[in-house]
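1. Kindly return the folded structure for what I paste below:
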Amino acid sequence: MTSLMRARTAVLLPALVVAVVIVGYLRAGSGTVVMQAVVTGILSGGIYGLVAMGLTLIFGVLDIVNFAHGAFLMVAMFVTYSVVHGGGVNPYVALVVAIAALLALGGLVQVGLLNRTMGQPLENQLLITLGVSLLLTNLALLIYGGDPHSVSIGRDPGIHILGAVANLSRVLAFAGALLLAAVLFLVLNRTRLGSAIRAVASNHEGAALVGIDVRKVHVATFAIGTACAGAAGMLVAPFTTVTPSAGDQYTIIAFVVVVMGSKGNALGALVSGLIVGLVEQFGGILLPGQSPLLAVFVVFVLVLFFRPQGLFGRVVRA
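-> Coordinates of the predicted model:
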């Protein structure tokens, strides 16, 4: 992405956000409604960004269209539910457990199923991840049943933010998403593993020639990407109904965010997640009676039409 493109994007995105806010205010006729949409959109967008960061990492390095990403998030939600109801602990204690469990699960899927298909037609990996998604969803249905479950953090007071109100669980989820995004930034930019991941993303053959074990990097990348979904699953569990199909909506939104933020761009995924969160909320104001996702898909199509490479350029970085 050239400096000119960065400058244009830096000017255009805030201008579009301001324009949407103004139109939303004119439509709603209430500053409180608009501020509530802004706050809710930003808080939701942080979670979308975290989910998409894991997906874009996998997409950018391995070129795998991971249809199991939402199912991994759902598994983390049930891990959180099991830890809370089985151990009687605070849900946020389960964050470490969810990340560790999904890190291991992602590594196993990559080693056991996907590594042996690398270099083959992309539809092979696509079908495998789709199969993994169906398997995990049906296993959850078999073990936990189809009834909705919930994870309670006990007292969940409303917090006043610039005239809007947000539950404590949503604020904590947003803060956790930003913290984990910062950790991923450090991993990608300040560690040898991060350097290896970026090298493999840039050139598989070149990375192998300088002594990088490409297969191990593939495993680590898929595991880290899956762990991001695990973290997001735990963070949303306190304010989301936990069901075997709970991850489906996040799969759809995550792919939208990844494409908007540019394949392999972790920072782009985080920013695009915030944009999608805002668009989703203002879509409910501007298009009453319609699904909020309608506005998201309208923006998605416009991005594909005018910038098919995404808003931030394709490169694995934070």
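2. Would you mark the buried spots in stretch 106-120?
-> 106-107, 109-111, 114-115, 118 (16 or more other C-beta atoms under 10 Å). (Each C-beta comes from the backbone N, C-alpha and C, glycine too.)
3. Let me see the contact set for Leu135.
-> Not one residue lies near Leu135 by C-beta atoms under 8 Å, 6 or more residues apart in numbering.
4. between the buried residues of stretch 106-120, which is closest to Ser272?
-> Closest to Ser272 out of those is Gly106 (22.4 Å), distances taken as C-beta to C-beta.
5. where's that closest one relative to Asp63, distance?
-> 16 Å (C-beta to C-beta, to the nearest Å).
6. burial count for Pro238?
-> Using other C-beta atoms under 10 Å, Pro238 has 25 neighbouring residues.
7. did I read that right, it in a helix?
-> Yes: assessed by DSSP: H, G, I helix; E, B strand; the rest coil, Pro238 belongs to a helix.
8. Quick check: it touching Ser152?
-> Yes: checked against C-beta atoms under 8 Å, the pair Pro238 and Ser152 is within contact range at 7.0 Å.
9. Report the set of residues contacting both of those two.
-> Common neighbours of Pro238 and Ser152, using C-beta under 8 Å, 6+ apart, are Pro91.
10. Please name the residues that touch the residue nearest to the spatial centre of the chain.
-> In the chain, the residue lying closest to the centroid (C-alpha atoms, centre = their mean) is Val51, at 1.4 Å. By C-beta under 8 Å, 6+ apart, Val51 lies in contact with 69, 73, 228-229, 232, 250, 253-254, 257, 273.
11. if you set the cut-off to 6 Å instead, what comes out?
-> Taking C-beta atoms under 6 Å, 6 or more residues apart in numbering, we find Val51 in contact with 229, 232, 250, 254.
12. which phi and psi does His149 have?
-> The phi/psi pair for His149 (degrees, to the nearest 10) reads phi -120, psi 170.
13. Looks like it contacts Val84 (just checking).
-> No: applying C-beta atoms under 6 Å as the test, His149 and Val84 come out as separate, 10.1 Å apart.
14. Please go through the chain and pick out the longest helix.
-> Across the chain, the longest stretch assigned as helix under DSSP state H is helix 31-62.
15. What helices and strands are in contact with the helix or strand following that one?
-> Going down the chain from helix 31-62, the next helix or strand is helix 69-87, by DSSP states H and E. Packed against helix 69-87 by the contact rule (3 or more C-beta pairs under 6 Å, 6 or more residues apart in numbering; DSSP states H and E) you find helix 94-109, helix 122-144, helix 214-236, helix 248-261.
16. residues making contact with helix 69-87?
-> Counting by C-beta under 6 Å, 6+ apart, 55, 91, 94, 97-98, 101-102, 133, 136-137, 140, 149, 151, 226, 229-230, 232-234, 237, 242, 246-248, 250-251, 254 sit against helix 69-87.
17. What residues of that helix count as buried?
-> Within helix 69-87, the residues scored as buried using 16+ other C-beta under 10 Å are 69-84.
18. what sits up against stretch 227-246?
-> By C-beta under 6 Å, 6+ apart, stretch 227-246 touches 47, 50-51, 53-54, 69, 72-74, 76-77, 80-81, 91, 94-95, 98-99, 102-103, 137, 140-141, 148-149, 151, 153, 169-170, 173, 176, 180.
19. what's the spacing between His85 and Val97?
-> With distances taken as C-beta to C-beta, His85 is found 13 Å from Val97.
20. Also Thr221?
-> Going from Thr221 to Val97 by C-beta to C-beta gives 22 Å.
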